[in-house]
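mind looking at a prediction? Sequence and model below.
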Amino acid sequence: MTTNQTKQQALRQDILGSRRLSNLLWAVIVTIGGLGFLLAGLSSYFHTNLLIVSDTSELQFVPQGIALSFYGVAGSLLATYLWLLLIWNVGGGYNEFDKNTGKVTISRQGYPGKNRRVKVEIPIKEVQSVRAEIREGLSPKRALYLRSQKRRDIPLTRVGEPIALSTLENQGAELARFLEIPLEGL
């Protein structure tokens, strides 16, 4: 088969997981804040300045130093979690629609452990439609779902910040055209 025929027979959509610029910025900010609070608390305990920005060695350890240390430990634990999410790329994966094999494969990266990768495979003939869900307001939601006969709706778009409406429409229309099924919700 030529390359053009293969492209017409398979469609793959990569899904961005937790490795986003916004998550990286939050991880950096929380790390700096957590370490700053922790060093401020330790400075008050050891009566030695451990910070470049200010001198907290003159603070009393009880109660200010203990509070600063508590916030520092909590911030450092949160920063560790955010960095691990970035390393593991939780939620990242792909959607693959292959007419040659007759299968739809939805694959996502999960947390480390026994079932690190979540993978769902369904036959293309069971797919009924592509459904777009658009909800505006205080917590907007814009997502695409794959409607199947034997399963509940399977999400196809990333979790987190809503994608642009034009991108959602284009992805939904492209997928519905490729699978030759209706597009609902638009």
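On my side now, so go ahead. Numbers count the residues shown, from 1 in each chain.

could you point out the longest helix of the protein?
If you go by DSSP state H, the chain has its longest helix at helix 21-46.

list the buried residues of that one.
With burial defined by 16 or more other C-beta atoms under 10 Å, the residues of helix 21-46 counted as buried are 23, 26-27, 30-31, 33-45. (Each C-beta comes from the backbone N, C-alpha and C, glycine too.)

with stretch 79-90 instead?
Under the neighbour-count criterion of 16+ other C-beta under 10 Å, stretch 79-90 has 79, 82-83, 85-86, 88, 90 buried.

for that stretch, which outside residues touch it?
By C-beta atoms under 8 Å, 6 or more residues apart in numbering, the surrounding residues in contact with stretch 79-90 are 17-19, 23-24, 26-27, 30-31, 34-35, 109-112.

now the element after the lowest-mean-pLDDT helix or strand in the chain, going C-ward?
Scoring the helices and strands of the chain by mean pLDDT, DSSP states H and E places helix 3-9 at the bottom, with a mean of 55. Using DSSP states H and E, the helix or strand that follows helix 3-9 in sequence is strand 10-15.

list the helices and strands that following strand packs on?
Taking 3 or more C-beta pairs under 8 Å, 6 or more residues apart in numbering; DSSP states H and E as contact, the helices and strands that strand 10-15 lies on are strand 93-98, helix 165-179.

please repeat the previous calculation with a cut-off of 10 Å.
When contacts are defined as 3 or more C-beta pairs under 10 Å, 6 or more residues apart in numbering; DSSP states H and E, strand 10-15 packs onto strand 93-98, strand 103-109, helix 165-179.

follow-up on the earlier one: so for the longest helix of the chain, mean pLDDT?
Helix 21-46 shows a mean pLDDT of 96.

check which element follows it along the chain.
Under the assignment DSSP H and E, the closest C-terminal helix or strand after helix 21-46 is helix 66-88.

tell me the angle of that next one relative to strand 103-109?
Angle of helix 66-88 versus strand 103-109, following axes from the mean of the first three to the mean of the last three C-alpha atoms, to 10 degrees, is 150 degrees.

off-centre distance for helix 66-88?
Centroid separation for helix 66-88 versus its chain: 19 Å, with C-alpha atoms, centre = their mean, to the nearest Å.

repeat that for stretch 137-155.
Relative to its chain's centre, stretch 137-155 lies at 16 Å (C-alpha atoms, centre = their mean).

what of stretch 122-133?
Distance, stretch centre to chain centre, for stretch 122-133: 23 Å (C-alpha atoms, centre = their mean).

ok, stretch 107-114 next?
Taking C-alpha atoms, centre = their mean, one finds stretch 107-114 lying 12 Å from the centre of the chain it belongs to.
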